[in-house]
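Trainee: Kindly generate the corresponding structure for this input.
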Amino acid sequence: VSTQSTWGIKMVKLWIIVVLIAVASASNLRTEQCIQEVRQIIEAIQKKEFNVLIPTALYSGKDLNDLGAYNQCKKLADYKYMILSLGAVGQNFSIGLCGPGYCTVEDYRQATPAIQDLLNKLAQGATKDPNTRVVVTFIDPDLDYTNFNWASVLAIAMVLFFVGGTVVGSAIDYFQEAAKEDKKAREATSRSDLEQSVATSAGINASIKESVVAPLNGREREQRDSQIIKFFKCFSLFSNFESLFSDREGGDQNINIFNGFRTISIIWVIWAHEYNLRGNLATNVTDLVPILQSNFSLVVLSALYAVDIFFFMGGFFFAYVFANKVAKMTLNAGSYFMVIVHRYIRLVPTYAFALFFFWRISIYFGSGPVWYKYVESARECDDMWYSNILLIDNYFGSFGKEYCFGHGWYMSNDFQIFLITPFLVWLYVKNPTKGKMVVWGLIAALLVYTYVLSDVKKFAINIPIPGARRDYLHDYFDLYYYKPWTRAPAYLYGLIFAFFYREAQAHLKSRGQPGAPTPNIAGIVAGAIKESPLFRAALYIVGFFTMFMIVWVIQPLLKNPNLWSQTTNDLYMTFSRIGFVMALSLVCICLMLDEGAWIRQLFLQKVFAVIGKISFSMYLIHQMVEDFTYYTAKKGFYFSHESLFVTLLSDLIMTMFLSMILHVVVELPMANIEKYFIFPQRPRTQAPKVSDEQKQQEAVKAVSYTHLTLPTIYSV
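Mentor: You can find the predicted model right below:
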């Protein structure tokens, strides 16, 4: 046997032989040429003519999640690339097969029962477990899994609308600005000549001079744009990029510290998704468990608390803004409806653009042995897209079945919890004590519900290692993870923190003034933070230590996932999330009031402010970016903390870049259109005299606009 043939034999794994034998023995194949090709290969093996196996041996996968050589196999005229998908021991694996060219995916599927039976015996021998089962599926990655329909037309129309609007609006803005600069230059020249002429003319007094020159200094009021010009200028890249990088003037600068928390949290979420996604195509399968059992994995597993930080911030910012505005309005059915409509309009157009782009356009951009999974994920929207647009998708998905735009569940939860918050904030403004009691009562009731749910359904901490229970996961995701009843406590605590901060600010402003009221708890704490470095240090220590312990306390479960009793699991499932954001609030209040803290200055850096503005867009597209880089892979992924950090950096850079584009091309133009056309604000005069009804309308609009331009995040 030649050296080349010997090397080819070494490359052939037993699974390839199993597949070929099963195909050859199948009696119901649709393609006669496939049977002949496979039998010729087997006869050649029996005769020790191994050269015939070299292409299959070279270009097929040799181990779990080894995709082989996809591009090289496709170049061979007599061979065809297939994916063998194996489900075993709670995991899914993919293996590339460069097989006979006449064998179609249907031929392999007809032989699947025989292949599955043989692989079951191999797996049972390897695991020493007679109950081990292997689920076998064959996929032809080169089949067209896309379908062009009405949604494709709508998605293309959306792209053309925003791209066209951006081109036209930017051109109009550019030429208008150029004309203004030219006009200013000509006017400056004319003014200079006239002033010189007047100054040298005898007999002209100051009043005459003023009457001649002054009109030139301010006579030209800007000619108002027509409505169509104003519409297109909403899309201008120049003004929208200027808005992205400009500083927000006025207002309470203390709240800008949340830009830092928002940046850290969105990166935390993206990092966790890297682990969750790329583990499915890890080539070093045997290393997965030791990696996931390492202490560093706690950082990734605890990324679920980043979601609660977003809920907490969402509740805080709405209550902070609405409490200042609600005094100008009467909360009735009309004003409540307007607040909800404003909120919906500001969120959903950008969300719909990202959804339709993912669903109907991005599927044509990729290729590769596992790209079909990306397309299948997008096609989950075929039947569920409307639930996302209505922000109710968290009631339609199910564990084990892909969600349409899977991370959209967060936005639905955020909006659903938001529906009750105007009443809670209004109640607080009218009666602070009663308002806070009602919010605390709701938090307590929902925590009791969470505890009972966890105990009845036998939930446990979800540790993704062998030996951990999996029987509860369906209910865990469908009833606990994706539902507002268990997510609302962190959001509602954000209201409490906003109330606390308002009262603290009021005390600090009135402190030392005659007749200042006796400070309440918020006032006492605020005063201590301002005056006592020791008290500030204590709050920092308690806050950071509590967050650390909530993350670290599950470390023993990495070795023994079933160590905790059901009661311990129930308590942790109930109180860990709200405990984390309560600990975070101790750090936040110190950073907001301790103006000299170096960490405060770090969190106030402009880079965090820019990331804060694009954070909604980052939330919308980060999963698309990660999925794209993952599913276009031609080879498996070596899974390690170091390699995942590298992929995080590359995906994060791409996400930020694309998020800036989405922000200035879609998100900001829609905000401008809403502001100037859908709910235009009336221009103010020096001494406006408005009715109570007009005041109420302006307050409703201010709530909507301000809430969504403050540092908030709608993330995964």
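Trainee: At which residues are the strands of this structure located?
Mentor: Applying DSSP state E to the chain gives strands spanning 79-88, 91-100, 135-139.
Trainee: which residues in the stretch 401-550 of the chain form helices?
Mentor: Using DSSP state H, counting those that start in this stretch, the helices of the stretch 401-550 of the chain run over residues 409-418, 421-430, 432-457, 473-475, 484-510, 521-531, 533-552.
Trainee: on that earlier part again, let me know which of the strands of the chain is tucked in deepest.
Mentor: Compared across the strands of the chain, strand 91-100 shows the largest average neighbour count, a mean of 22 (mean count of other Cβ atoms under 10 Å). Quick note: C-beta positions are derived from backbone N, CA and C, even for glycine.
Trainee: Quick check: neighbours of that one in the sheet, parallel or antiparallel?
Mentor: In the sheet, strand 91-100 lines up against strand 79-88 (antiparallel) (DSSP bridges).
Trainee: could you give the angle of the partner strand to strand 135-139?
Mentor: Counting by axes from the mean of the first three to the mean of the last three Cα atoms, to 10 degrees, strand 79-88 lies at 150 degrees to strand 135-139.
Trainee: how distant is strand 79-88 from the center of its chain?
Mentor: 31 Å (Cα atoms, centre = their mean, to the nearest Å).
Trainee: which stretch among the strands of the chain comes nearest residue 241?
Mentor: Residue 241 lies closest to strand 91-100 among these, at 42.3 Å (Cβ to Cβ).
Trainee: Could you find the residue nearest the spatial middle of the protein?
Mentor: The centre of the chain sits closest to residue 619, judged by Cα atoms, centre = their mean, with a distance of 2.6 Å.
Trainee: so how far is residue 590 from that residue?
Mentor: Counting by Cβ to Cβ, to the nearest Å, the gap from residue 619 to residue 590 is 27 Å.
Trainee: same question, residue 349
Mentor: Between residue 349 and residue 590 the computed distance is 38 Å (Cβ to Cβ).
Trainee: Generate CSV for the strands of the chain, with mean pLDDT and distance to residue 293 as supplementary columns.
Mentor: Shown next, in CSV, are the strands of the chain (pLDDT from 0 to 100; distance: least, Cβ to Cβ, whole Å):
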stretch, mean pLDDT, distance to residue 293
strand 79-88, 87, 21
strand 91-100, 87, 16
strand 135-139, 88, 26
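Trainee: count of neighbours near the nearest residue to residue 676 once chain neighbours are set aside?
Mentor: Of all residues not flanking residue 676 in the chain, residue 230 sits nearest, at 6.3 Å (Cβ to Cβ, 6 or more residues apart in numbering). Using other Cβ atoms under 10 Å, residue 230 has 16 other residues around it.
Trainee: Point out the one among the helices of the stretch 401-550 of the chain that comes closest to residue 464.
Mentor: Residue 464 lies closest, by Cβ to Cβ, to one member of these: helix 473-475, at 10.3 Å.
Trainee: Residue 79 and residue 73 touch, don't they?
Mentor: Yes - counting by Cβ atoms under 8 Å, residue 79 does reach residue 73; the two are 5.6 Å apart.
Trainee: Pull up the overlap in contacts between those two.
Mentor: By Cβ atoms under 8 Å, 6 or more residues apart in numbering, residue 79 and residue 73 have these common neighbours: 55, 59, 98.
Trainee: Next one: the residue nearest to the second one when sequence neighbours are not counted from residue 54, what distance?
Mentor: Closest residue to residue 59 apart from its sequence neighbours, by Cβ to Cβ, 6+ apart: residue 98 at 3.8 Å. When distances are taken as Cβ to Cβ, residue 98 and residue 54 turn out to be 10 Å apart.
Trainee: Same question for residue 229.
Mentor: 68 Å.
Trainee: same deal with residue 84?
Mentor: 20 Å.
Trainee: I'd assumed residue 16 was in contact with residue 57.
Mentor: Yes - contact criterion Cβ under 8 Å: residue 57 and residue 16 qualify, at 7.4 Å.
Trainee: tell me which strands and helices the longest helix that the chain contains is in contact with?
Mentor: Longest helix in the chain, counting residues (DSSP state H): helix 150-200. The contact analysis (3 or more Cβ pairs under 8 Å, 6 or more residues apart in numbering; DSSP states H and E) places helix 150-200 against helix 206-218, helix 227-233, helix 237-245, helix 333-356, helix 668-673.
Trainee: surely residue 99 meets residue 79?
Mentor: Yes - if you go by Cβ under 8 Å, residue 99 and residue 79 touch, sitting 6.7 Å apart.
Trainee: Give me the common contacts of the two.
Mentor: residue 56.
Trainee: The strands of the chain: which one's closest to residue 282?
Mentor: Closest approach to residue 282 among these is made by strand 91-100 (9.3 Å; Cβ to Cβ).
Trainee: outside of that closest one, which residues touch it?
Mentor: Strand 91-100 is contacted by residues 15-16, 19-20, 34, 37-38, 41, 55-56, 58-61, 63-70, 73, 76, 78-87, 108, 280-281, 285, 369-370 when judged by Cβ under 8 Å, 6+ apart.
Trainee: just for the stretch 601-716 of the chain, where's the confidence low?
Mentor: Confidence mapping of the stretch 601-716 of the chain against pLDDT under 70 gives the ranges 681-716.
Trainee: where do the helices sit along it?
Mentor: Along the stretch 601-716 of the chain, counting by DSSP H, counting those that start in this stretch, helices occupy 606-631, 641-662, 668-673, 692-709.
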